[in-house]
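Peer 1: I would like to see how this sequence folds:
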Amino acid sequence: MNIAWIYLGEAKIRDIEGSLDMVYASLTVMALSAAGCFFIGSRWWTKFVLIGSIMFNSFIIIAAVDYSMMILMLLPVISCGIYYRNNFIKATIVIGAVLMLAGLLINDYLSPLMIGMYQGMTRFDRAISLIRVYYIVDLLIYLLVCIPSYYAVKIGIDDIRKQSDLRKEKIGVEKEMSNARGIQQGLLITDFPCKPYCDVSSSMSAAMDVGGDFYDCFTVGDDRLAIVVADVSGKGLPASLFMATSMTLIRSNVQAGGDLDKAMEKANRELSATNSMKYFVTVWIGVIDLRTGDVCFVNAGHNPPFICKGGKYEMLKCQPDFVFGRKKRISYNRQYFHLDIGDGIFLYTDGVTEAARTDGGTFGEERLLGSLSSVAGESPDRVLEKVRSDVAEFVGSARQSDDMTMLGLTYIRPYDIRPDEGIKVRADRQGYAQVMERIRQRMADAGCSPRTVTEMETACSEIFANIDMYAYAGREEKGDVLVTTDVVNGAVRVTFTDWGVPFNPLARKDPDPINSFKERRRGGLGIMLVKKICDEVSYSREDGRNILKLEKEM
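Peer 2: Presented below is the predicted three-dimensional model:
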């Protein structure tokens with residue numbers, strides 16, 4: 001605007017010596033400032049350079065070209081509004097008002113104004129007259145425009161702060177949701193138990209960051225496997241919290257033993273007692289006897305599964321019971337079916353069958369059965385992949401409206417175990433001799449190689465010594481140790497049970513054998529050797545007993 005005005009109004013330039021040179025110099029300063037800021041980029045000093053050059057240019061025009069253009073000092077004020085800095089615009093307004101007066105006085109000094117003046121006036125009186133005649137009106141106009149500019153900046157600052165707070169809040173919520181998603185994924189099992197007997201695969205896709213669906217797979221004793229698929233009413237974070245509680249109660253009560261229906265009734269009472277939000281869960285849970293293939297299940301208002309028998313999928317006909325977690329006094333019915341070797345189970349939530357296209361059509365059970373039938377007899381991984389692919393193709397670009405969870409299982413081979421009633425001895429030398437003789441005999445009868453027998457003798461000797469040293473330490477009379485040697489599907493499993501003080505030898509960090517004896521902590525080498533010898537070592541504390549299991553392939 002300044003440049004255009006100068007060239008359009010150049011004829012009005014007053015007869016001030018060097019005025020054109022001053023104008024061109026100011027334009028050069030502004031052009032160089034703009035170019036420098038453009039090429040260097042945004043820095044903390046950029047705003048001072050740009051606004052200062054505009055202010056300097058406007059001042060030169062007032063001082064050297066036309067005193068009546070004092071209103072041009074509004075340009076730097078309006079321009080500095082883009083930076084949204086309160087103190088910056090205040091300082092610009094004040095400095096602009098001062099430069100307007102200075103430009104007027106300098107213009108008069110270089111070429112005295114005659115309008116409203118007379119010869120013989122003192123410099124002070126002349127300045128007062130200039131202020132009264134020329135400056136006051138322009139100052140009032142200047143301030144009237146500056147006030148809304150200032151408040152516009154202030155409102156803009158408030159809006160920026162609000163937006164910044166909203167962004168921070170959004171980032172915080174997204175981070176919390178990401179953490180919740182990670183926690184939920186951590187709750188869902190990925191390393192399935194009983195792999196020699198069952199091939200299991202799972203998939204869970206939440207409609208939101210976190211979902212209300214869940215699946216689970218866990219052992220019940222040594223020879224039974226439980227599989228669960230459930231769907232919590234609602235979505236999002238509250239549903240995921242309710243899901244975690246439901247999952248924990250179902251697992252703990254079913255693993256405690258007893259009839260499945262009674263375990264589910266107890267879990268339902270515990271969940272309902274704390275369900276202030278009145279959520280509910282649809283649950284299908286089945287417990288597979290790995291020795292026989294018999295399946296006992298409870299259906300708490302859930303979609304019936306599809307069973308693959310003889311290379312053909314069919315929906316399992318069953319009577320659903322009331323949903324889980326809504327009412328305390330609910331009875332559940334045990335129902336049964338049988339799996340032969342090679343048979344499979346496909347569990348899912350209604351997010352699969354109710355997956356909808358943009359026209360409102362749903363995937364449905366018929367399409368699901370068609371997808372399953374096309375991959376009947378294949379691995380659970382392949383089955384789930386096929387269903388996911390068909391659902392995605394069906395819904396197209398439609399947004400996922402509900403959580404989708406699937407679990408597939410194939411019964412590979414029966415659980416084979418030759419159990420041992422065990423031997424119970426004192427944790428002393430005589431008991432040690434009896435135990436080692438029993439282990440040698442059992443392993444020889446099972447057909448273990450001499451090397452395996454020798455290695456297991458070494459490991460079992462270390463465990464027995466630990467029990468003697470730690471479990472009954474400080475007692476005048478040694479306690480008992482129960483040792484069983486079971487043969488399970490081509491592996492030998494030796495279980496040590498004692499009634500001593502709680503002691504988990506696996507909790508200790510393995511020593512570094514490279515360190516010298518002085519640097520190394522006492523103990524730990526024996527347990528490290530046991531872990532090297534055995535394929536699997538596990539410890540648990542149950543009903544006041546220490547239970548340590550060693551397992552090794554024959």
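Peer 1: Show me the domain layout of the protein.
Peer 2: 2-162, 188-411, 417-553 (automatic domain parsing).
Peer 1: Quick one, which of these gets closest to Gly172.
Peer 2: domain 188-411 (13.5 Å; Cβ to Cβ). Every residue, glycine included, has its C-beta placed from N, CA and C.
Peer 1: Give me the buried positions along the host helix or strand of Leu101.
Peer 2: Element membership for Leu101 (DSSP states H and E) is helix 86-110. Of the residues in helix 86-110, 88-89, 92-93, 95-97, 99-101, 103-108, 110 count as buried by neighbour count, 16 or more other Cβ atoms under 10 Å.
Peer 1: if we can go back for a sec, could I get the domains of the chain as a markdown table with distance to Lys175 and mean pLDDT?
Peer 2: Shown next, in a markdown table, are these (distance: least, Cβ to Cβ, whole Å; pLDDT from 0 to 100):
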| stretch | distance to Lys175 | mean pLDDT |
| --- | --- | --- |
| domain 2-162 | 20 | 76 |
| domain 188-411 | 11 | 90 |
| domain 417-553 | 33 | 83 |
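Peer 1: Any chance of TSV for those domains, columns distance to Gly172?
Peer 2: Conversion of the domains of the chain to TSV gives the following (distance: least, Cβ to Cβ, whole Å):
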stretch	distance to Gly172
domain 2-162	15
domain 188-411	13
domain 417-553	37
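Peer 1: Out of these, which one sits most buried?
Peer 2: Of all the domains of the chain, domain 188-411 has the most neighbours on average by mean count of other Cβ atoms under 10 Å, namely a mean of 18.
Peer 1: contacting residues around stretch 188-199?
Peer 2: Applying Cβ atoms under 8 Å, 6 or more residues apart in numbering, the contact partners of stretch 188-199 are 200, 202, 204, 214-219, 225, 288, 290, 379-380, 409-415, 489.
Peer 1: is it true that Leu529 touches Ser461?
Peer 2: No: Leu529 is not in contact with Ser461 according to Cβ atoms under 8 Å; the separation is 10.2 Å.
Peer 1: ok so, going back, just the ones in strands from the contacts of stretch 188-199, please.
Peer 2: Secondary structure from DSSP state E places 200, 202, 204, 214-219, 225, 288, 409-411 of the contacts of stretch 188-199 in strands.
Peer 1: In TSV: the residues you listed, plus distance to Ile345.
Peer 2: Output for the ones in strands among the contacts of stretch 188-199, formatted as TSV (distance: Cβ to Cβ, whole Å):
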residue	distance to Ile345
Val200	9
Ser202	12
Met204	17
Phe214	17
Tyr215	12
Asp216	14
Cys217	11
Phe218	16
Thr219	17
Leu225	11
Ile288	8
Leu409	5
Thr410	8
Tyr411	8
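Peer 1: What is the nearest of these to Leu144?
Peer 2: Nearest member of those to Leu144, counting by Cβ to Cβ, is Met204, at 64.4 Å.
Peer 1: Please identify which of the ones in strands among the contacts of stretch 188-199 is nearest to Glu393.
Peer 2: Out of the ones in strands among the contacts of stretch 188-199, the member with the shortest distance to Glu393 (by Cβ to Cβ) is Met204, at 19.8 Å.
Peer 1: what sits against that closest one?
Peer 2: 188, 211, 213-215, 403-406.
Peer 1: show me where the stretch 51-200 of the chain has strands.
Peer 2: Here the stretch 51-200 of the chain has its strands, by DSSP state E, counting those that start in this stretch, at 198-205.
Peer 1: let me fix that: the stretch 201-350 of the chain
Peer 2: Under DSSP E, counting those that start in this stretch, the stretch 201-350 of the chain gives strands at 213-219, 224-232, 281-289, 294-300, 306-309, 312-315, 335-338, 344-348.
Peer 1: looking at the ones you listed, which is closest to Tyr150?
Peer 2: Across the strands of the stretch 201-350 of the chain, closest to Tyr150 is strand 224-232 (Cβ to Cβ), at 54.2 Å.
Peer 1: Restricting to C-alpha, output the closest one in PDB.
Peer 2: Only the C-alpha atoms of strand 224-232 are listed here, as PDB (Å, rounded to 0.1, in the frame of the first residue of the first chain):
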ATOM      1  CA  ARG A 224      -8.500 -79.900  29.800                       C
ATOM      2  CA  LEU A 225      -8.500 -76.700  27.700                       C
ATOM      3  CA  ALA A 226     -11.000 -73.900  28.100                       C
ATOM      4  CA  ILE A 227     -11.800 -71.500  25.200                       C
ATOM      5  CA  VAL A 228     -13.900 -68.300  25.600                       C
ATOM      6  CA  VAL A 229     -15.300 -65.700  23.300                       C
ATOM      7  CA  ALA A 230     -17.400 -62.900  24.800                       C
ATOM      8  CA  ASP A 231     -18.900 -59.500  23.800                       C
ATOM      9  CA  VAL A 232     -19.500 -56.700  26.300                       C
END
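Peer 1: so which helix or strand takes in Glu366?
Peer 2: Here Glu366 is assigned to helix 364-374, by DSSP H and E.
Peer 1: List the neighbours of that helix that are in contact with it.
Peer 2: 306, 308, 312-313, 315, 346, 348, 352-353, 383, 386-387, 390, 394.
Peer 1: cutoff 7 Å now
Peer 2: Under the contact criterion Cβ atoms under 7 Å, 6 or more residues apart in numbering, helix 364-374 has outside partners 306, 313, 315, 346, 352-353, 383, 386-387, 390, 394.
Peer 1: Check stretch 349-362 too.
Peer 2: Contacts for stretch 349-362 (Cβ under 7 Å, 6+ apart): 213, 229, 231, 303, 363-365, 368, 387, 391, 394-398, 401-406.
Peer 1: Helices of the stretch 301-450 of the chain, residue ranges please.
Peer 2: 350-353, 364-374, 380-395, 429-446, 450-466 (DSSP state H, counting those that start in this stretch).
Peer 1: Turn the ones you listed into a markdown table, including distance to Ser53.
Peer 2: Below are these laid out as a markdown table (distance: least, Cβ to Cβ, whole Å):
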| stretch | distance to Ser53 |
| --- | --- |
| helix 350-353 | 62 |
| helix 364-374 | 70 |
| helix 380-395 | 59 |
| helix 429-446 | 93 |
| helix 450-466 | 83 |
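Peer 1: Nearest to Ile54 among those would be which one?
Peer 2: Of all those, it is helix 380-395 that lies closest to Ile54, at 57.2 Å by Cβ to Cβ.
Peer 1: Which other helices and strands does the closest one contact?
Peer 2: strand 198-205, helix 364-374, strand 404-411 (3 or more Cβ pairs under 7 Å, 6 or more residues apart in numbering; DSSP states H and E).
Peer 1: just the angle between it and helix 364-374, please?
Peer 2: Orientation check (axes from the mean of the first three to the mean of the last three Cα atoms, to 10 degrees): helix 380-395 against helix 364-374 gives 140 degrees.
Peer 1: quick one: helix 380-395 to chain centroid distance?
Peer 2: Put simply, helix 380-395 sits 25 Å off its chain's centre (Cα atoms, centre = their mean, to the nearest Å).
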